[in-house]
Each structure stands twice: as C-alpha cells, then as structure tokens.
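Colleague: sequence and predicted structure below; questions after.
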Amino acid sequence: MTAIDRRDALTREKRSSALSHYHGTLSTLVADAAGEEIPQRVRAFTQAAYDDILATLRALSGIRGAAIVVHGAVGCAAAANTLAEPGRARWYSVNLSERDSILGSEEPLRQTILRAIAEGATVVFVVGTPVVAINNDDVHSVLLELANETATPVLHVNTDGFRSKTPLSGFDAAFHALLQLVEAPAAREDSLNIATVSENVHNLAAVAAALDALGVAWNPLPRLSTLANLRKAGRARTTVTLDADESEYLALGLEKNFAVPWLRVPAPVGLLATRRFLLAIGAAFGVEDKAEAYATASERSLAATLAAQPLDGKRVFLQVDTALVEGFTALVRELGGEVAGLALTGVDLNNRAHLARLDALDDIPAMVAVGQPFEVANILARTPIDFYVGPEQVAFAARFGATPVSLRDVAYLGYAGIEAFAARVAAPMPDFRERIRPLYSEGWLKKTGNWYVKREVR
C-alpha cells in the first residue's frame, strides 16, 4: 500500500524517526542521528510554539479558490488571520460551542462546509483541532455523505495538535489530502512542478525569473496554485522542492503514485547550490546550454558583491530548516562570515545527511526546536554573535548585541537572493541593547542550555 492509499498520513516520528527536541552541540547531534533510529528527547517545559495544525494552515492557505474549514472552537482558527493573503484560500470556523464539544458537532460541520461551497469554494479542506480529537467526531462520515450531494471536492486533513511533536507532520497531512486531487496522467506535459510553501514573494520571484530565463514552464504547488494546478501536477515532467523539509511528502507522493520524478537537488541558496539547481533543471528539460550561460552571467554580475565580503569576520547564528542549512552555511562563507550556532526545525532520517556535511562546525551550539526563544537566548547569552538569521520572531536577538535578519522579508533563493541577502547584512543597524528590556532572568541565562531537554525513556 502506498502512502496515498492510507486513510491518513503517518507522523514524521513514525515515518522517519523525526527528532524535534535537542539542545547540545552539532557533533553530538550528528552522532545521535547516525543510527537506524534517532534517539528521542522531550522538553519538560516549552513555550507556545508552531504545531502541526499551523503547518497545515500554512500549506493550504496559498491555494486560490480553496476553503479551509477549521473544525473546532473559533479560537482554533484565529491563526489563519496571520497567514491570509489577498486572493488566496478563505477560511471558516465551525465555531464549536461547549454543547457541541460534548454532544458532537457533525451537523455544524456539515452546515459550514455547505456554506463554503455556496460561497464559491472550488475545494474544501476540513482541518482537525484538539477539540475534535477529544470529542471524537466522525468527520469521515460527514464527508462521505456530502460526496453524494455536491461535486465540490471535500477533503479531511487529520491534524489535532496531539499526534506529533513536530509541526512538519502538518505539512504531510495537508499534502496527503492534496494528492487525492491529482489526476492520473493521460500524457506528460513539458512543465516543472515547483513545491513551495513558506517562501516569501521575493524568493518566488527570484526562482520564477530564473526559470523564465531558461524557458521552463512551471506549476506552483501548493502556494499560488488553483484546483487546476493541483489536478495537472501528475502530468509534469519532474518536481523540485524549494524546502524539502516542508514539501518532501508532496514530491514523494507525486513520484510514487504518478511517476513524476523528484529532482533531488539542494535548494538554490548560495552560489554553488544555485548553479547545481539550475543545471539540474536544465539537464531535465534539455536546456543545459541556457542554464550554463545564465549561471555564468549571473555569477559574473555578483563579483563585486562577493568581493565586498559584507560578513567579513562576522559570526552568524542560523535558525533555518535542516534542508536549507548547507546552503545557508555556504552563503555565509561566500560573504566572508562564519556560522557560530544553529537552531533547526527538525532532524530525521531523510535530512540528517545535511548535518554530516557541515565540516568544521562540530563544536558549535545546536538545538532542534520550533520556537523556544528562551533556549535560543540561553545560547546567545554565552555565544558572541554578530547576526541572527531566522524566520519571523528574531528581534529578541538584538538584546544580545546581534543584528536580527528576518527571512520573512528578505530574499535568499537564487542569484537575486544572494544580492538581496548581501545588501541586507551590509545595511547599517543601530545597537538596540540598551532599548530592549531584559527578556529572561539572569538565573536562567546562567543555567546549562539543555536544562529542560531530557532523553526519552522507553
């Protein structure tokens, strides 16, 4: 039985021994991940953090014309506000009351789905929440009944905030549902599936510009997609991922179930990875000469930027997905800096090779976590750094004398990303240390960083 034939996607822990809690050094982490299974750890204390439900909402929110029905109390859907983009998926809350959560909520769910369809949804995704996991609603029965009443696809995404410790499982759950929409190909098209979820618009524009220069037609999945894009994904010549940690399940599903090869090439972060990315696509589409010429010309135009070495002698802390850490490490070095610490989203059997290739970084501090800024602060308090590079919540690093660089607003993919990232780190930044109140007690900052991270006992 292939993954798509299962009722629900396996969690990352079951599928690839995912580790989502770790605090120590990179060398110890690499050693732990070297076996057939990765020893698990737990946090005795955590701050509120991104979970599988939020990952699912992020994966689905970029689909134009879709409706996301969050099956829970109204507060469970509030996070969708932060993910909303003009022209993208609309979201609905079943808005369960206390009575619904006790006596069952199949009818409110049914009515919410019908409303979404009446308001023009081309596809409806029903996303689970902790409330429904507790009251055990029979969501599948509701969806089976609706299948006989409407031609609009209605799919269940099995998330509940409890099944997995890593939010990456939420991406898998979303893609498990999306794969049900892909049509078996009658013929192939000369197009490229681009698996993209969290990349900002600047990154998408950089990748699109490069593909257009090569003359390669591309099909975005799931961000910027429509139901039609999802339907035809099985007809593409190949698939590439911009962040394999997020999109691996989608690429594997297209490969195993629809014979669309996954072009396993690193994301285009840094000079070397960008060249490999473009040349691999060029080879797949028979435009190697165009790819070589484009890469050579682009690298020539970056000569002055690289010669300026804007990170010369600077120490950089990276908070990135494991699939991107090699590229970012290379980018930092290309701009003259060194990586002094890592915070990774998750490590599993499929992405651990990226860590093993980080030569000369063995003794740097490394943690695996989503969120948990109090642990990051513990590292920064004892590890001098000049730049903190991460997703959205990075401003707190200024308290420790580091310049925060949010990847939410700056490009980092492709040659345009190198230029934009270099300009960002070269821009002058004031010292905010005296303007930011202390975030954590001196007592906590003096403790060992792994105080709350314990090895799991079975």
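Modeller: On my side now, so go ahead.
Colleague: contacts and neighbour counts: CA atoms only from here.
Modeller: Will do.
Colleague: can you map out the helices along the stretch 151-300 of the chain?
Modeller: Using DSSP state H, counting those that start in this stretch, the helices assigned to the stretch 151-300 of the chain run over residues 168-179, 201-214, 227-231, 244-258, 271-284, 288-301.
Colleague: the fifth one: which residues count as buried?
Modeller: Under the neighbour-count criterion of 16 or more other CA atoms under 10 Å, helix 271-284 has 271, 272, 273, 274, 275, 276, 277, 278, 279, 280, 281, 282 buried.
Colleague: for residue 449, phi and psi?
Modeller: phi -70, psi -20 (degrees, to the nearest 10).
Colleague: for residue 67, same thing?
Modeller: Dihedral angles for residue 67 - degrees, to the nearest 10 - are phi -120, psi 130.
Colleague: please apply the same query to residue 365.
Modeller: Dihedral angles (degrees, to the nearest 10) for residue 365: phi -70, psi 140.
Colleague: and it, how close does it get to residue 253?
Modeller: Residue 365 sits 35 Å away from residue 253 when distances are taken as CA to CA, to the nearest Å.
Colleague: and if you look at residue 30?
Modeller: Distance of residue 30 to residue 253, given as CA to CA: 28 Å.
Colleague: name the SS class of residue 149, please.
Modeller: Per DSSP: H, G, I helix; E, B strand; the rest coil, the local secondary structure of residue 149 is coil.
Colleague: tell me who's in contact with it.
Modeller: With contacts taken as CA atoms under 8 Å, 6 or more residues apart in numbering, residue 149 has no neighbouring residues.
Colleague: hang on, residue 405 is in a strand, isn't it?
Modeller: Yes. Using three-state DSSP, the assignment for residue 405 is a strand.
Colleague: list the contacts for it?
Modeller: 387, 388, 389, 390, 394, 424, 425.
Colleague: go on, residue 361?
Modeller: 26, 27, 339, 340.
Colleague: and of those, the nearest to residue 147?
Modeller: Ranked by distance to residue 147 (CA to CA), the contacts of residue 361 are led by residue 26 at 50.0 Å.
Colleague: surely the closest one touches residue 362?
Modeller: Yes. Under the criterion of CA atoms under 8 Å, residue 26 makes contact with residue 362 at 5.2 Å.
Colleague: near the closest residue to residue 80 other than its chain neighbours, how many other residues are there?
Modeller: Closest residue to residue 80 apart from its sequence neighbours, by CA to CA, 6 or more residues apart in numbering: residue 57 at 6.6 Å. Neighbourhood size, residue 57 [other CA atoms under 10 Å]: 26.
Colleague: and residue 57, what element?
Modeller: helix 52-61 (DSSP states H and E).
Colleague: now do the buried residues in that helix.
Modeller: Buried-residue list, helix 52-61, by 16+ other CA under 10 Å: 52, 53, 54, 55, 56, 57, 58, 59, 60, 61.
Colleague: quick one: residues contacting the fourth one.
Modeller: With contacts taken as CA under 8 Å, 6+ apart, residue 55 has the following neighbours: 167, 168, 169, 170, 171.
Colleague: contact partners for the fourth one?
Modeller: Contact criterion CA under 8 Å, 6+ apart gives 51, 52, 53, 54, 55, 56, 159 as the residues in contact with residue 170.
Colleague: and which of those residues is nearest residue 297?
Modeller: For the contacts of residue 170, the nearest to residue 297 is residue 55 (37.6 Å; CA to CA).
Colleague: gap between the closest one and residue 332?
Modeller: Counting by CA to CA - residue 55 and residue 332 are separated by 28 Å.
Colleague: got the buried residues of helix 271-284 as TSV, with distance to residue 212 columns?
Modeller: Below are those laid out as TSV (distance: CA to CA, whole Å):
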residue	distance to residue 212
271	19
272	20
273	19
274	15
275	16
276	17
277	14
278	12
279	14
280	15
281	12
282	12
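Colleague: ok, of these, which one's closest to residue 300?
Modeller: residue 271 (11.1 Å).
Colleague: one step back: the helix holding residue 57: how far from the chain's middle?
Modeller: 10 Å (CA atoms, centre = their mean, to the nearest Å).
Colleague: which pLDDT value goes with residue 130?
Modeller: Here, the pLDDT recorded for residue 130 equals 81.
Colleague: correct me, but it touches residue 158?
Modeller: No. If you go by CA under 8 Å, residue 130 and residue 158 don't touch, sitting 10.8 Å apart.
Colleague: neighbour count: these two, which is higher?
Modeller: Higher neighbour count among residue 130 and residue 158: residue 158, with 25 against 18, using other CA under 10 Å.
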